[in-house]
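>>> Using only what follows, build the 3D model:
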Amino acid sequence: MIEADFLTRTRTSYDAIAVEYDELARDEMDRKPLDRAMAGAFADLVRGRGPVADVGCGTGNLTRFLHERGVEVFGVDLSPGMLALAGKTLPGVRFVEGSMLELPVPDESVAGLAAWYSTIHIPDELLPQALAEFHRVLAPGGYALLAFQVGDEPLHLTDALGHPIDLLFHRRRAEQMARLLRAAGLPTHARLEREPEDERAPQAFLLARKEFTD
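Okay, the predicted model is just below:
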């Protein structure tokens, strides 16, 4: 099955590179002011409104950023290796193993949801399912922040940070993601696109909001 195969590949790959990834990415937000601005705006919007899910949290870099700004955040990730490192860095924050295709989060229970470079591993045919999960767990008026690489062709990596891996990075256009978000009931509230810095491709950031219902 497509779902089972890609989940296994993603989990195994990130388990393999967890330690090196953590060392490489730990200060990433400090080095990227535009990324930090979008994440900071998200923090300002969700702070004090309830719990916030960092979906695909990895070793907890964005989780830490939000936590330091007073956000009641918890992390969800496929990789036990990544979660173990996140828990050591942020012992007071809850981290849960799970998939964004079936989030271990109750309906309408979070004020915000961040998918910071985590939808990039979801195949096109399963992306609407992931966005439907985002909509399900967000409270009405809640915000979703997505970050992803911009492009039309996926990147397949079989080696990274000295380890064999099998990861497919799906690059997508901001307009494409905005359409999918709107179809899922999450219209875009703000967006930012920037050129590559130390990356291979341009980067996009979309802030969406779940509509209120009558």
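
>>> Against residue 43, how distant is residue 5?
Between residue 5 and residue 43 the computed distance is 35 Å (Cβ to Cβ, to the nearest Å). For every residue, glycine as well, the C-beta is placed using N, CA and C.

>>> Check the gap between residue 136 and residue 145 for me.
With the distance defined as Cβ to Cβ, residue 136 ends up 17 Å from residue 145.

>>> And those two? Which one has more around it.
Summary of the neighbour comparison: residue 136 and residue 145, criterion other Cβ atoms under 10 Å, with residue 145 having more neighbours (26 against 16).

>>> neighbouring contacts of stretch 14-33?
35-36, 39, 58-59, 61-62, 65, 77-82, 84-85, 89, 160-165, 167, 197-198 (Cβ atoms under 8 Å, 6 or more residues apart in numbering).

>>> Any of those residues buried? List them.
Judged by neighbour count, with 16 or more other Cβ atoms under 10 Å as the criterion, the buried members of the contacts of stretch 14-33 are 35, 39, 58-59, 61-62, 65, 77-79, 81-82, 85, 89, 160, 165, 167.

>>> So which of these belong to strands?
Counting by DSSP state E, the part of the buried ones among the contacts of stretch 14-33 found in strands is 77, 160, 165, 167.

>>> Out of these, the closest to residue 152 would be?
Using Cβ to Cβ, the shortest approach to residue 152 within those belongs to residue 167, at 18.3 Å.

>>> Test of understanding: give the bridge partners of the closest one.
Residue 167 has the following beta-bridge partners by DSSP bridges: residue 157.

>>> can you pull the pLDDT of it?
Looking at residue 167, its pLDDT stands at 88.

>>> Tell me the spacing between it and residue 160.
Taking Cβ to Cβ as the criterion, residue 167 is separated from residue 160 by 7 Å.

>>> now residue 63
Between residue 63 and residue 160 the distance is 22 Å, computed by Cβ to Cβ.

>>> can you map out the helices along this structure?
2-25, 28-31, 33-46, 61-68, 80-89, 127-137, 174-183 (DSSP state H).
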